[in-house]
Every structure is written in structure tokens, then in C-alpha cells.
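Chemist: Below are the sequence and a predicted model; questions follow.
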Amino acid sequence: QQQVKQSPQSLIVQKGGIPIINCAYENTAFDYFPWYQQFPGKGPALLIAIRPDVSEKKEGRFTISFNKSAKQFSLHIMDSQPGDSATYFCAASGGGANNLFFGTGTRLTVIP
Amino acid sequence: KAGVTQTPRYLIKTRGQQVTLSCSPISGHRSVSWYQQTPGQGLQFLFEYFSETQRNKGNFPGRFSGRQFSNSRSEMNVSTLELGDSALYLCASSLRWGGYNEQFFGPGTRLTVL
């Protein structure tokens, strides 16, 4: 059973567009929600993470929005660039544990 | 600062064999986690080691095992390989166990089982 559901599976945007990737979870024990970026042949790299005590967090062009009551969170990439083309994973963990439950990934393509 | 290193990067084995993968965490990191990545199942947590002790385990059969050495380096072993074990095996290191620690992933070992 997939503990974190992610959509869409793939996304194509024009350069400068704002791709949005959505994730949902059921386990209310989750309290740490990171996003990872993975390029082909590389391991995932942490982009940004949020705890449920805030509803939004920004780091550079990346923003996480978090809706605790709906148990949903999303990643927005402002002013997207071709170099942002990668697979993005949302994840969740709880209780301070390091074991992450990952979403199924979104393959983003930014067209120049 | 050097990142997480994993060896070997690529491995081809046949069914029934066993395999050992190695992970060297970032210097100073004491927690090492292992994940399996496949197109069908995505990224799934295998286990986590801290201070040479397994702290957490995912839902994988006992054929998957691991250990951690006193220098925090870790190995994982898969015995009696099956075709379905073909995957990218990722190692992630973090400073400590417990708390909300950023995990840094290595490039992975691509295992192909024929």
C-alpha cells in the first residue's frame, strides 16, 4: 500500500512556467515532509523539507505548501528552467525516524 | 567534503547467487539507511543502521541483511538472488539517528539479476 500518493506522473511545462506537484498521505503520525530531486544516474538530492507547524516554506525558486487538515502537500517551482528537468519525489516520515516513505515520482520536463 | 560513496556502481549476478554492496557515509555521519529503487515499486526503505545496530527495518524478506562497522561504513547483503531483486540500491547517510535529519544519498549500485 502506497503510504504517500503523488501526482501527476509526468509534467511538461514551458521555461518560466510554474509546475506544481501534489502529494497526499493518510498516516497522521507523519510529521516531516521532504522533497527530493533526482537526475538520471544520480541519487536523490534533498530540495526542501517542511514540518506540519508551518503552511508554506520557500527556498529559492522552490516552495512547499502544506495543508495539514487535508493531509496534502505540494511543490511549486517558480520560473522553471530546462535544468530543472528531473524526477521529483515527495516523501514523509514520522516520530523522528529516518525511514522515508516516498511517493512514486513525477518526471518533469521543462521545454526551452 | 566528499559525498556518500557506493561500490560497486554496477553489478551483474545470476539467480541464486548472493551479493554484497558497500556504502561509505559522509565523514562524521553515523547513520546509514538503505533503499531499493525499482520502476514498479519506486523507492522503498530497507533498513537503517546507527552505532553498528539496526535501528529500523522495512518490509523486505530476510534474504536482505546489512551491517555497520565501527567507522560507520555499511554493507548490505542479498542472498539467494531472485530476478525481482534487480534494482538500484541507494545508501543514504545522516548525522545521527532520531530527530529530523537531512539524508544525503549516494549514486547507488545498479544490480542486475539474470
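Modeler: Right, received. Where do you want to start?
Chemist: List the pairing partners of the helix or strand hosting B:Gln6 within its sheet, with orientation.
Modeler: Using DSSP states H and E, B:Gln6 sits in strand B:5-7. According to DSSP bridges, strand B:5-7 forms sheet pairs with strand B:19-24 (antiparallel).
Chemist: Pull out the buried positions in the partner strand.
Modeler: Neighbour counts over strand B:19-24 (16 or more other C-beta atoms under 10 Å in any protein chain shown) mark B:19, B:21, B:23-24 as buried. (Glycine included, C-beta is placed from N, CA and C.)
Chemist: Could you point out the helix or strand that follows that strand?
Modeler: Moving toward the C-terminus from strand B:19-24, the next element (DSSP H and E) is strand B:31-38.
Chemist: Relative to the whole chain's centre, how far out is that next one?
Modeler: 4 Å (C-alpha atoms, centre = their mean, to the nearest Å).
Chemist: what does stretch A:38-50 give?
Modeler: Worked out by C-alpha atoms, centre = their mean, stretch A:38-50 lies 10 Å from the chain centre.
Chemist: circling back to that earlier point, quick one: which of the buried residues of strand B:19-24 is nearest to A:Arg61?
Modeler: B:Cys23 (31.4 Å; C-beta to C-beta).
Chemist: Tell me the spacing between that closest one and chain A.
Modeler: From B:Cys23 across to chain A, the span is 11 Å (C-beta to the nearest C-beta, to the nearest Å).
Chemist: for B:Arg110, same thing?
Modeler: Distance from B:Arg110 to chain A, by C-beta to the nearest C-beta: 9 Å.
Chemist: Likewise for B:Gln17?
Modeler: With C-beta to the nearest C-beta as the criterion, B:Gln17 and chain A are 25 Å apart.
Chemist: No further questions, thank you.
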